[in-house]
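Peer 1: sharing a model prediction with you, sequence too.
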Amino acid sequence: MPPLIRRAGTVLAAASLLGAPAVLLGRSAVWAATTMKPLTIGGVVYVANAAELEYIDDSLAAHPNSSPFGGATIDLTADITLPPTLTWVPWRVFSGTLNGNGYTLQGLTINASPGRIAVGLVGQLTGTIEHLGVIAPSVADSNPLGGPATGALVGAADPGATITDVYVQGGTVTLGRSHGVVGGLVGLLGTAGLGAATLHDVYSTAAVSAALGTTGGGLIGTNSDGFVSGGVWDVSTQSTDTGISGAVGSGSSTGIARPTGTQMRTATPYSTWNFTTRWQQSPDQLPTLRMQSPTVPSLRVMPSPGGAGGTTALTLTGNSAADTFAVVGSNDPVPLGATIPVGATAYVSGHNLAASPNETLTIYEVTPAGAVDALTTLTLTASDVKAALPGLAIASTTLPAATVGSAYDHALQASGGSGSDTWHTVGSWPPWLHLSVAGVLSGTPTASGKSTFTVDVTDRSGATATQALTLTVQAASPPPPSVWTPPGLTPETVTVDGHATEVIGNLGANPPAAIQYGSLGGYVEERAAIGAGASFAGEGTDSSYLSAILDGSGVGSQAHVSATQQGQFAALYQKLGIIPTWTDNTIGMSQGVAALVKAGAPTLAIENYLVQLDGFSWAAAQAQAALGFPITAGT
């Protein structure tokens, strides 16, 4: 698993961590100062480099009976090469599980020191070693006071110990004293009468040598009470001058094959081994183990739509209640044990996090010391993110014109956003114009012209939109011209040429005789007409309406003025500037008649004009004025 192969973190001194002196068992103080405590997740110790493996070795060397690693489950997460300056101190007793996950250990160098009863990567094993390859070890025990069992992997595999899917390639294992047992893989397997230890699918090609008087085997020194299934030893590595006679120095060799080195590079010796998931072999090569990704307890993440548009809420379940969380997007994950990357944001489970569909997030679980405890990546789907609202914008971009002296009132409009909009003015502002927080412009302008100003609006989420607006103030319009309102219409129906016609007049009550002999005021009109140059002989006595006073030669045939004719005459009067009304006349009656005569108006128009002065309604004339001229006072 690539994120586990490299690790960075705080450098810790073994002496300060273990309470041990700076130099441990002859080890270089320089190397001891570069050890690093491995990461423990869910009870499993994950080892990614030599410094972390050395940390465990220091702990077991200084505290063989109380080290937390004595019975731990230890997983390698990378191939490890120990530095040439390091002399390994065998783990005195190990009852836990060392899982190599298919990775290898190189550079193992052991020079047995006094007091060691068993020599190997692990001195005494009561637990399990599995899925590990040891490359080119250099293991030697020549100390006269050394222990009785030496092996590249394990000195003594005690009852209950299990070694599965393990190999040793090359290297040397030497027992230089005159007593004890030595094997390429294990020195002593099991204890007679106390219980068996087990080897399953293992091999060694290490060169094993033993002093005279000792017992040695290419794979096992002494099989005291062990069970072997699938053991293989390279017969070509046996040393005939040192008493090594086979795969096992003493005891049963059942279950062990003894091929030559050439044969070991074929599939024949391993016919029952699992080459599907655990082992692999290239042509003309020794078998190696397939790397297995360590089972790291994962940080569990459950996404759901957030409480605001464009957000997600991650519910996180970590490995430790004391850990915190951080989130970063568009970054490669950092290894376990490293510090979180720059740009990561602290995150509290269940809170809103700005995000978008198809975005990939890396979520970290962080220990109190600041190291990555666990991590996971998550690609969000549309269902994990609450749909974003349309962006806040000001929809009002133009304004209706205002008028000087008239109250102005206009509501601005916004679109999108999260609602609860609040409006504000920005910069300079027309002194007469006001903006409410609800977005209503109001006021009464005092001068015409154009004003440009800026408004902004803020929604409940804090989003803001800004818009520049231009308002035109136009001058006030002049008041409309006054229009004369005449008295009410008084219609009258008369018969002309056998047809009933409605005419306009109010003189029907005048007796014809009184008009004829000048006893009534109606003669005023006739006199005015004669004075203006019209001939006048008299008026018929059979009509209630003044008709046809003038026809150019005296009294003509009687005629009556219809509503249509009245309108046509009214238009003529307006054109000549004479208004036949007793309330709004601007010229005298004689001047009006003279203007009509000069204009060649028909006698009916002159009579109508005179009758109008005597009280006829102007309303019907107004209705007909559209035929020629506008009826407006003073025109």
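Peer 2: Everything's here; your move.

Peer 1: mean confidence for stretch 441-453?
Peer 2: Mean pLDDT, computed over stretch 441-453, is 94.

Peer 1: could you give me the buried positions within it?
Peer 2: 441, 445, 451, 453 (16 or more other Cβ atoms under 10 Å). The C-beta positions use only the backbone N, C-alpha and C, and glycine is treated the same way.

Peer 1: which phi and psi does the third one have?
Peer 2: The one in question is Ser451. Dihedral angles of Ser451 (phi, psi; degrees, to the nearest 10) stand at phi -130, psi 130.

Peer 1: please name the nearest non-neighbouring residue to it.
Peer 2: Of all residues not flanking Ser451 in the chain, Pro430 sits nearest, at 4.5 Å (Cβ to Cβ, 6 or more residues apart in numbering).

Peer 1: tell me, how many residues neighbour that neighbour?
Peer 2: Neighbourhood size, Pro430 [other Cβ atoms under 10 Å]: 19.

Peer 1: and it, what are its phi and psi?
Peer 2: phi -60, psi 130.

Peer 1: wait, it sits on Phe453?
Peer 2: Yes - checked against Cβ atoms under 8 Å, the pair Pro430 and Phe453 is within contact range at 6.5 Å.

Peer 1: quick check: neighbours shared by these two?
Peer 2: Leu471 (Cβ atoms under 8 Å, 6 or more residues apart in numbering).

Peer 1: so who does the residue nearest to Ser451 touch?
Peer 2: Here Pro430 is in contact with 443, 445, 451, 453, 471 (criterion: Cβ under 8 Å, 6+ apart).

Peer 1: pLDDT score for it?
Peer 2: pLDDT, Pro430: 93.

Peer 1: gap between it and Ala465?
Peer 2: 21 Å (Cβ to Cβ, to the nearest Å).

Peer 1: what lines up beside the helix or strand encompassing Ser442 in the sheet?
Peer 2: For Ser442, the element it lies in under DSSP states H and E is strand 440-443. Applying DSSP bridges, strand 440-443 is found paired with strand 408-411 (antiparallel), strand 434-435 (antiparallel).

Peer 1: determine which two of the contacts of Pro430 are furthest apart.
Peer 2: The largest separation in the contacts of Pro430, counting by Cβ to Cβ, is between Pro445 and Phe453 at 13.2 Å.

Peer 1: name the residues contacting each of these two.
Peer 2: Joint contacts of Pro445 and Phe453 (Cβ under 8 Å, 6+ apart) are 430, 433.

Peer 1: and the contacts of the strand holding Ser442?
Peer 2: Counting by Cβ under 8 Å, 6+ apart, 399, 407-412, 430, 432-436, 471 sit against strand 440-443.

Peer 1: let's see 10 Å
Peer 2: 396, 399-400, 402, 407-412, 423, 430-436, 453, 455, 469, 471 (Cβ atoms under 10 Å, 6 or more residues apart in numbering).

Peer 1: sorry, back to before: out of the contacts of Pro430, who's nearest Leu389?
Peer 2: Phe453 (27.7 Å).

Peer 1: can you spell out which residues form a bridge with the closest one?
Peer 2: Assigned bridge partners for Phe453, using DSSP bridges, are Leu469.

Peer 1: ok, it to Ile394 distance?
Peer 2: 13 Å.

Peer 1: with Leu596 instead?
Peer 2: To Ile394, Leu596 is 66 Å away according to Cβ to Cβ.

Peer 1: of these two, which one has the most company?
Peer 2: Higher neighbour count among Leu596 and Ile394: Leu596, with 25 against 21, using other Cβ under 10 Å.

Peer 1: got phi/psi on that one?
Peer 2: phi -70, psi -40.

Peer 1: surely it is in contact with Gly577?
Peer 2: No - counting by Cβ atoms under 10 Å, Leu596 does not reach Gly577; the two are 11.3 Å apart.

Peer 1: quick one on the thing from earlier: closest to Tyr347 out of the contacts of Pro430?
Peer 2: Phe453 (43.0 Å).

Peer 1: quick one: contacts for that closest one?
Peer 2: Phe453 touches 425-430, 433, 435, 441, 467-471, counting by Cβ under 10 Å, 6+ apart.

Peer 1: Val182 too?
Peer 2: Per Cβ under 10 Å, 6+ apart, neighbours of Val182: 119-120, 139-141, 148-152, 155, 173-176, 188, 208-211, 214-217, 220-222, 242, 244, 249.

Peer 1: check Asp75 too.
Peer 2: 4, 38, 41, 44-48, 97-101, 103, 131, 292-296.

Peer 1: what bridges to Thr458?
Peer 2: With DSSP bridges as the rule, Thr458 is bridged to Thr422, Thr464.
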